[in-house]
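Q: Any chance you can model this:
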Amino acid sequence: MNEAHLREELAYWGKSMFDRGLTAGSSGNISVRLGDGMLITPTNSCLGRLDPSRISRLDGSGRHVDGDAPSKELPLHRALLETRPDANAVVHLHSTYATALSCLNGLDEDDCVDPVTPYVVMRNGKVKLLPYVPPGDPGAGEMIRKLDGCYSAMLLANHGPVVSGRDLSSAIFAAEELEETAKLMFVLRGADARRLDAGQAAELRKRFPAM
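A: Next up is the predicted model:
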């Protein structure tokens, strides 16, 4: 897929998520890998009104070479793409239920999303909870690099989800599945709910490795 097409795809999916309430105002950011760099949504841009021609382009060293100034969350996007070579897109949202989940105490830091359905395991694997840092802090990228590519999805505490995928649509679908699962977790909270057991979840991760 050429760069012009990827720019159009970024604008299409940004509007799709905005229209469905997965991102609000100027929150959220999306990136895709290029052969010689990356595209990322501009800082303080509304995902519902992206101009493909103004999407930020960076070269292979992370230098801004075209479009508006890149998202302040660039460090976490670069860290995830550079540590997961099979991933070609990253989505960071402030979607309601996943962000609410990131605010709760008592979550398992190494696997913070319950396997209430097989699909969150198939699309995201285990989801890592990372400690809070201010938005745009390079520390988010440093924490992701320390994971050494072991997670395709994570929750930033009191902030929201970060998800990667083999391509843009895969990353979008994974972010949507994480949001829907977080919603289910709140709906089922306090109920005697059945979850996939450790063996069932491990089998899914083996058969459907998350990108």
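
Q: what residues does the worst-scoring helix or strand of the chain on mean pLDDT touch?
A: Ranked by mean pLDDT, DSSP states H and E, the weakest helix or strand in the chain is helix 198-207, scoring a mean of 92. Applying Cβ atoms under 8 Å, 6 or more residues apart in numbering, the external contacts of helix 198-207 come out as Pro115, Pro118, Val121, Met122, Gly125, Lys126, Leu196. C-beta coordinates here come from the backbone N, C-alpha and C atoms, glycine included.

Q: now that helix, how far from the centre of its chain.
A: 22 Å (Cα atoms, centre = their mean, to the nearest Å).

Q: Please list the residues outside the helix ranked longest in the chain that contact it.
A: Counting residues, the longest helix found in the chain (DSSP state H) is helix 168-187. Outside of helix 168-187, the residues within contact range by Cβ under 8 Å, 6+ apart are 6, 9-10, 13, 16-17, 22, 30, 32, 87-91, 93, 95-98, 100-101, 113-114, 116-117, 119-120, 123-124, 127, 152-153, 161, 163-165, 210-211.

Q: Which parts of it count as buried, going by neighbours?
A: Buried residues in helix 168-187, counting neighbours by 16 or more other Cβ atoms under 10 Å, are found at 168, 170-172, 174-185.

Q: With respect to Leu74, which of the residues you listed is nearest?
A: Nearest to Leu74 out of the buried residues of helix 168-187 is Ala171 (Cβ to Cβ; 16.1 Å).

Q: Now that closest one. Nearest residue, chain neighbours left out?
A: Gly165 (3.1 Å; Cβ to Cβ, 6 or more residues apart in numbering).

Q: Arg78 too?
A: Gly62 (5.9 Å).

Q: Count the residues that sit near that neighbour.
A: 14 (other Cβ atoms under 10 Å).

Q: quick one: it and His77 touch, right?
A: No. In this structure Gly62 lies outside contact range of His77 using Cβ atoms under 8 Å: 9.9 Å.

Q: what stretches of this protein score poorly on pLDDT?
A: Regions of the chain meeting the criterion pLDDT under 70 cover residues 211.

Q: picking that back up, I'd like to know the beta-bridge partner residues of the residue nearest to Ala171.
A: Gly165 has the following beta-bridge partners by DSSP bridges: Ala89.

Q: That one contacts Asn88, correct?
A: Yes. The criterion here is Cβ under 8 Å, and Gly165 meets it with Asn88 at 7.3 Å.

Q: So if I had to pick from these two, which one is more boxed in?
A: Ranked by neighbour count (other Cβ under 10 Å), Gly165 and Asn88 place Gly165 first, with 26 against 22.

Q: Distance check, Ser45 against Arg78.
A: 18 Å (Cβ to Cβ, to the nearest Å).

Q: Please apply the same query to Glu142.
A: Counting by Cβ to Cβ - Glu142 and Arg78 are separated by 11 Å.

Q: How many neighbouring residues does Pro42 have?
A: 18.

Q: close enough to count as contact, it and Lys72?
A: No. Using Cβ under 8 Å as the test, Pro42 is too far from Lys72 to be in contact (10.0 Å).

Q: so what sits against both of the two?
A: The overlap between the contact sets of Pro42 and Lys72 (Cβ under 8 Å, 6+ apart) is empty.
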